[in-house]
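K.L.:
Give me the fold of what follows.
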Amino acid sequence: MVNFIGNLDLLNEKIRFSAERVMKATAHNSNAVLSICLAYTSMDEIMNAVRKSCQERANEVCVDDIEKHMCMAMAPDPDIIIRSSGEIRLSNFLLWHSGHSLLYSPNALWPKIGFRHLLWAIIEFQRKMKHNVC
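P.N.:
The predicted model follows:
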């Protein structure tokens, strides 16, 4: 399953249409989930989820109420977060969901991230899972 997360209304129509088409075509694939964040910030995601939760249950809002309104509600928390350019900070990215995620930070900039970077991230994740580091 492929999910595009974020405010897709900020994307141009052609890109938004392509993203929606990919999500629809992969909606029933359940072996793996790939979440691609575009026009996304954790602050926006959390604020929108809290706002929607308060509209539903003004008196008493709990964590479950907020989580069901998160952009990532349809996907599990990520196992790996790939942060390009060698940065080792999250920069307002998936803050609610990343508590147990492996942060992989290759020195390559975003356009240069390739299959070998993805493969190395998976190998690192498997190595750390073997030793229960994640």
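K.L.:
Please count neighbours and contacts with C-alpha atoms only from this point.
P.N.:
OK.
K.L.:
can you pull out the strands in the chain?
P.N.:
Counting by DSSP state E, the chain forms strands over residues 2-5, 34-37, 80-82, 102-104, given from the N-terminal end onward.
K.L.:
by contact count, what packs against the last one?
P.N.:
Secondary structure elements in contact with strand 102-104, counted by 3 or more Cα pairs under 8 Å, 6 or more residues apart in numbering; DSSP states H and E, are strand 80-82.
K.L.:
what mean pLDDT does the strand it packs on have?
P.N.:
Model confidence over strand 80-82 averages 88 on the pLDDT scale.
K.L.:
TSV for the strands of the chain, including distance to residue 60?
P.N.:
As requested, the strands of the chain are arranged in TSV below (distance: least, Cα to Cα, whole Å):
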stretch	distance to residue 60
strand 2-5	27
strand 34-37	30
strand 80-82	33
strand 102-104	33
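K.L.:
I'd like the average pLDDT over stretch 58-71.
P.N.:
Averaging pLDDT residue by residue across stretch 58-71 gives 88.
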